[in-house]
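> Following is a predicted model, sequence given first.
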Amino acid sequence: MISSNTLQNNTYLYTKLAAFYANCGRLGEARVIFDRIVLKNVFLWNSMIRGYACNGQCMKSLVLYREMMSFGQKPDNFTYPFVLKACGDLGVVEIGRRVHCEVVVCGFETDVYVGNCLLAMYSKFGEMDMVKMVFDRMPDRDLTSWNTMISGYVRNGEPKEAFLVFQMMGRTGLVADCATLLGLLSACVYMSSLKLGKAIHAYVVRNDLARVNGFLINSLIELYCSCNSMVAARQCFKEVTWKDTVSWNSLVSGYSKNADALESLRLFCQMVLEGVNLDQVTLVSVLGACYKITALQFSMSVHSYIIKQGFRAHSMVGTALIDSYSKCGDLACSRRVFYEMAEKTLVSWSAMVSGYGLHGMGREALSIFHDMMGIGITPDEGVFTSVLTACSHAGLVNEGKEIFHSMEKKYNVQPRLAHFSCLIDLLGRAGYLDEAYEFIKAMEIKPTCDMWASLLSASRLHKNVELAELSAQRVFEMNPKGVGSYVCLSNLYASENRWDDVEKVRALVRRKGLQKPPGFSFTELDKVVHRFLVGDKSHEQKDAIYDKLNELSQRLKEVGHKPDTSSVFYDVEEEVKEKMLWDHSERLAIAFALINTGPGAVIRITKNLRICADCHTVSKLISKLMCREIVMRDIRRFHHFKDGLCSCGDYW
DNA sequence: GCTCTGCGCC
């Protein structure tokens, strides 16, 4: 800090200095100087308000604006852009409207800068009607006005409208600039439109715009990720010399979303090794990739990195850790992070509720949900989804129903698709099939394919052929390519020994050219993730693995295990069926883990499908026989096998 | 002296 004596009497220089600090984001220094200046001019006030608004301290920006007014200083046309920005970023609708009134009173409504900021503010509020009104009333519009309209429509989920605005803009003779293209690219991302996106990419290349605006390349990377074109995304990434944290982050999250979490992890390592500046988004993204493949050890490394690099205080990072740990099977770690978290957001609580739910601990999920309500946090849709899912996993029918019905009445949260789905799942799985069916029929919204699929799966579980056929019919109509439902119906027929019907479904599947996705399982050893397909013979330890499986099969027979072959949907000899169960991917993974880890080590497996009934029994027996805890995540939830029992209490 | 702009947790 510069000594005050030298500049004491020079308000002009002081003002310049304060503005400089504010511009650099050094608000602390700027404020000290600001406070010392007695004769504050409008430029100084504006600089401070701007500094706060542009550096994530919007509330201070608004407070200062009020101080300015009460100080008798009249705001000018430079003041309002930042005040409006602060209102928009904070989402303070009432204050925003009042500031709008003040703008009108001061006569700045016709200023094109102020007008553009009004557009931006109302679009952040989600009030596109107001945006349109302001836009229509603007005496002058510049390119930014149009760009703000375009990005506003995309922000509010109307990408098609954004393109219409773009067409109208073209008719006025204005030519797109980088900001226009960024808006349009976001629209393409929203619609997953590879075709439009590529056209914009071509335009960018023709005009060599990526060099002008670095954001463009990041948007292109994101576009390709959202269209499942990871090769193109990688190409964009490779071709630019100018890369920032966001470029890397986009790719890390892109691979994770496109089922290549391993590549996300690899990229993260590369970032660390190359010393790329990484931020909280990187960490949230990589943790998201970790749980996709249940990479618990990797999550732990990321956690220690978070602590060392001082990212602990970020609530979003903390929440991602809670989520990642519970989805990787380590609820104890989730809880520790949760309880140590200084600032728990609504989402942090939701993640913890989900975590308990995922592990079948419905009572704990409910209890923490009520704790959250107890301290006055207002629930949102998301936390209701979490708590209803938890009830469903644990079979807490009455509790779930009660919460569902209280959503709107008590908490003013309107139930949406996800909540209806949860309730159907809850009822169906608990065996209240008729009630679930009646519920679907009585809903004010149109049932989705997932809801019918959920009822189908419940009907299979409780062996209700009639309802299964009815739901399957709906699913086949709505999603003719989803092979899972055919398999489900066929499995039900097989368990009832209705082999003619099994064959009919199988013929249908063949005629449509559908393939059953192969089952596979992951397990992590020394931070390396190993993947096993059903019947896999490609692993380097395959001989040892199959020897181990034979040995286990033998020992299980000795203790009287009779294989449950109901999930084998081929009409073959019982003995063949039993053999077919023994190369299910989770057993290969268990055998591999048994061979490669020491006595007592917890075995963690993830599989891409639901666990079959016999694998469930076998895992329980192995846990007892080998004195090993086995934590298995299937496509829906966790099973903790220990001492011959499973945490799900065989309810799944 | 100002506005529009990318990646992310339930």
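Arrived safely, thanks for sending.
> Quick check, A:Thr389 in contact with A:Ser354.
Yes - in this structure A:Thr389 lies within contact range of A:Ser354 using CB atoms under 8 Å: 6.8 Å. (Each C-beta comes from the backbone N, C-alpha and C, glycine too.)
> what about stretch A:284-300, near DNA strand B?
Yes - against DNA strand B, stretch A:284-300 shows contacts by CB under 7 Å from any atom of the strand at A:284-285, A:288.
> How about the stretch 401-550 of chain A: which residue is closest to DNA strand B?
Residue nearest to DNA strand B within the stretch 401-550 of chain A: A:Ala418 (10.0 Å; CB to the nearest atom of the strand).
> Quick one: the strands in the stretch 401-550 of chain A, in order.
A:520-525, A:528-533 (DSSP state E, counting those that start in this stretch).
> mind putting those strands in CSV, distance to DNA strand B included?
Listed next are the strands of the stretch 401-550 of chain A as CSV, based on distance: least, CB to the nearest atom of the strand, whole Å:
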stretch, distance to DNA strand B
strand A:520-525, 19
strand A:528-533, 20
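> Point out the most buried one among these.
strand A:520-525 (a mean of 22; mean count of other CB atoms under 10 Å).
> could you point out the longest helix in chain A?
Longest helix in chain A, counting residues (DSSP state H): helix A:542-558.
> List the buried residues for that one?
A:545-546, A:548-549, A:552-553, A:556 (16 or more other CB atoms under 10 Å).
> Which of these sits closest to A:Leu467?
Using CB to CB, A:Leu556 comes nearest to A:Leu467 of those, at 34.6 Å.
> Next one: that closest one from A:Phe592, what distance?
Note on A:Leu556: its distance to A:Phe592, by CB to CB, to the nearest Å, is 18 Å.
> Which residue ranges make up the domains of chain A?
A:1-140, A:453-512, A:521-646 (the TED database).
> quick revisit: can you give me the offset of the longest helix of chain A from its chain's centre?
40 Å (CA atoms, centre = their mean, to the nearest Å).
> Would you mind identifying the next helix or strand past that helix?
Where DSSP states H and E defines the elements, the next helix or strand beyond helix A:542-558 is helix A:574-581.
> tell me the secondary structure for the closest residue to DNA strand B within chain A?
Relative to DNA strand B, the nearest point of chain A is A:Gly382 (2.4 Å; CB to the nearest atom of the strand). Three-state call for A:Gly382 (DSSP: H, G, I helix; E, B strand; the rest coil): helix.
> residue contacts, the nearest residue to it once chain neighbours are set aside?
Closest residue to A:Gly382 apart from its sequence neighbours, by CB to CB, 6 or more residues apart in numbering: A:Ser350 at 5.2 Å. Contacts here follow CB atoms under 8 Å, 6 or more residues apart in numbering; on that basis A:Ser350 touches A:382-383, A:386.
> Residues touching the longest helix of chain A, excluding its own?
Applying CB under 8 Å, 6+ apart, the external contacts of helix A:542-558 come out as A:536, A:539, A:582-583, A:587-588, A:591-592, A:594-595, A:618, A:621-622, A:625.
> Derive a ChimeraX selection command for the buried subset of these.
In ChimeraX, selecting the buried portion of these, with burial taken from 16+ other CB under 10 Å, looks like this:
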select /A:536,539,582,583,587,588,591,592,594,618,621,622,625
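> tally of neighbours for the nearest residue to A:Gln280 once chain neighbours are set aside?
Closest residue to A:Gln280 apart from its sequence neighbours, by CB to CB, 6+ apart: A:His314 at 4.6 Å. A:His314: 18 surrounding residues under other CB atoms under 10 Å.
> Equivalent analysis for A:Glu503, please.
13.
> A:Val353 now?
27.
> name the element the closest residue to it other than its chain neighbours belongs to?
Nearest residue to A:Val353 in three dimensions, chain neighbours excluded: A:Ser386, at 4.3 Å (CB to CB, 6+ apart). Element membership of A:Ser386 [criterion: DSSP H and E] is helix A:381-394.
> Show me what that helix is in contact with.
Here helix A:381-394 makes contact (CB under 8 Å, 6+ apart) with A:346-347, A:349-351, A:353-354, A:356-358, A:360-363, A:365-366, A:369, A:372, A:396-397, A:399-400, A:403-404, A:407, A:413, A:415-416, A:418-419, A:422-423, A:425-426, A:429, A:636-637, A:648, A:651-652.
> out of the residues of stretch A:284-300 next to DNA strand B, which one sits closest to A:Lys243?
A:Ser285 (15.5 Å).
> Contacts only, for that closest one.
A:249, A:252-253, A:256, A:264.
> Looks to me like it is in a helix.
Yes - under three-state DSSP, A:Ser285 falls within a helix.
> so what's it closest to, chain neighbours aside?
A:Ser253 is the one closest to A:Ser285 (CB to CB, 6+ apart), at 4.1 Å.
> burial measure for the one you found, as a count.
With other CB under 10 Å as criterion, A:Ser253 counts 21.
> mind listing what's buried in the helix or strand hosting it?
Counting by DSSP H and E, the element that carries A:Ser253 is helix A:245-257. Within helix A:245-257, the residues scored as buried using 16+ other CB under 10 Å are A:246-257.
> what's in contact with that helix?
In contact with helix A:245-257 (CB under 8 Å, 6+ apart) are residues A:217-218, A:221-222, A:224-226, A:230, A:233-234, A:237, A:240, A:261, A:263-264, A:267-268, A:271, A:276-279, A:281-282, A:285-286, A:288-289, A:292.
> Tell me the predicted confidence for the most centrally placed residue in chain A.
The centroid of chain A falls nearest to A:Gly288 when counting by CA atoms, centre = their mean (7.8 Å). According to the predicted model, the pLDDT of A:Gly288 comes to 95.
> A:Leu7 too?
We have a pLDDT of 48 for A:Leu7.
> Restrict the helix holding A:Ser253 to CA atoms and write it as CSV.
The C-alpha trace of helix A:245-257 is given here as CSV (Å, rounded to 0.1, in the frame of the first residue of the first chain):
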residue,chain,number,x,y,z
THR,A,245,-8.7,-23.8,-17.6
VAL,A,246,-12.2,-23.9,-19.1
SER,A,247,-10.9,-25.6,-22.3
TRP,A,248,-9.5,-28.4,-20.1
ASN,A,249,-12.6,-28.5,-17.9
SER,A,250,-14.9,-28.8,-20.8
LEU,A,251,-13.0,-31.8,-22.0
VAL,A,252,-12.8,-33.4,-18.6
SER,A,253,-16.5,-33.2,-18.1
GLY,A,254,-17.1,-34.1,-21.8
TYR,A,255,-15.4,-37.5,-21.5
SER,A,256,-17.2,-38.2,-18.3
LYS,A,257,-20.6,-37.5,-19.9
